[in-house]
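Peer 1: Got a predicted model here, sequence first, then my questions.
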Amino acid sequence: MFLGFLGTYTPRLDDKNRLVLPSRFREQLADGLVITRGQERCLYVWPVEGFRAATERWSGAPLTSKAARDYLRVLFAGAHDEVPDRQGRVTVPQPLRDYAGLVRECAVIGANTRVEIWSAEAWERYLAAQEDTFSALSQEVATGLL
C-alpha cells in the first residue's frame, strides 16, 4: 500500500551526475519521472502520471494571469523527464543541479505526492529555520485535518 512519499534520505551524486533514488521510492518512479525546479531552491520529482495529472490541473490556469504564465514557464522550461535505470539512478541535468546547488551530498525527502531533492546543506538550513514555526503552523495548516 502506497502512503505517499515519506522520509529523508542522503544519497550522493556520482561522478556522472546520477542520483540513486531511495529504494522505497523506486517502484512508484519506475515507469518514469519528471524533475523540475521547486520552491526554496530544491527540485521537485513527480512520477510521470502524477506530473501528467498536475499538468491537467495547471492547464486550467487563465492565460490572462501573468503570475500563472510566469510560474508555468519556469516550471516547464526546467522540466526533465527520465526513466530510472536498473539500479534506480537518474541523471540530474546541469541547469537543475545549478538551480538547487547540488554538488555531491544531497537530501532526498518524501513530500507526499512528490519527492524533493535538496543540497544536504540547504536542507539542514531550511529544516533548522522551520523547527520553531512547525508547531505554530500546525494549527493553521492542519485544523480540521487531524
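Peer 2: Happy to help now that I have it.

Peer 1: Return the set of buried residues in the top helix by length along the chain.
Peer 2: Counting residues, the longest helix found in the chain (DSSP state H) is helix 120-142. Within helix 120-142, the residues that count as buried by 16 or more other Cβ atoms under 10 Å are 120, 122-123. (C-beta placed from N, C-alpha, C; glycine too.)

Peer 1: Counting by contacts, list what the lowest-mean-pLDDT helix or strand in the chain packs against.
Peer 2: One helix or strand of the chain scores below all others by mean pLDDT, DSSP states H and E: helix 120-142, with a mean of 84. Here helix 120-142 touches strand 106-111, going by 3 or more Cβ pairs under 8 Å, 6 or more residues apart in numbering; DSSP states H and E.

Peer 1: Report the mean confidence score over the strand it packs on.
Peer 2: What strand 106-111 shows for mean pLDDT is 98.

Peer 1: Which residues does it contact?
Peer 2: 4-13, 19, 21-22, 24-25, 115-120, 122-124 (Cβ atoms under 8 Å, 6 or more residues apart in numbering).

Peer 1: Among the residues you listed, which lie within strands?
Peer 2: Residues of the contacts of strand 106-111 located in strands (DSSP state E): 8-9, 19, 115-119.

Peer 1: how about TSV for the residues you listed, with pLDDT added?
Peer 2: As requested, those are exported to TSV (pLDDT from 0 to 100):
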residue	pLDDT
Thr8	98
Tyr9	98
Leu19	97
Val115	98
Glu116	98
Ile117	98
Trp118	98
Ser119	98
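
Peer 1: okay if I get those as JSON lines plus distance to Trp58 and neighbour count?
Peer 2: As requested, the ones in strands among the contacts of strand 106-111 are exported to JSON lines (distance: Cβ to Cβ, whole Å; neighbours: other Cβ atoms under 10 Å):
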{"residue": "Thr8", "distance to Trp58": "28", "neighbour count": "13"}
{"residue": "Tyr9", "distance to Trp58": "28", "neighbour count": "16"}
{"residue": "Leu19", "distance to Trp58": "26", "neighbour count": "23"}
{"residue": "Val115", "distance to Trp58": "19", "neighbour count": "26"}
{"residue": "Glu116", "distance to Trp58": "18", "neighbour count": "20"}
{"residue": "Ile117", "distance to Trp58": "21", "neighbour count": "25"}
{"residue": "Trp118", "distance to Trp58": "23", "neighbour count": "25"}
{"residue": "Ser119", "distance to Trp58": "27", "neighbour count": "21"}
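
Peer 1: Many thanks, I have nothing further to ask.
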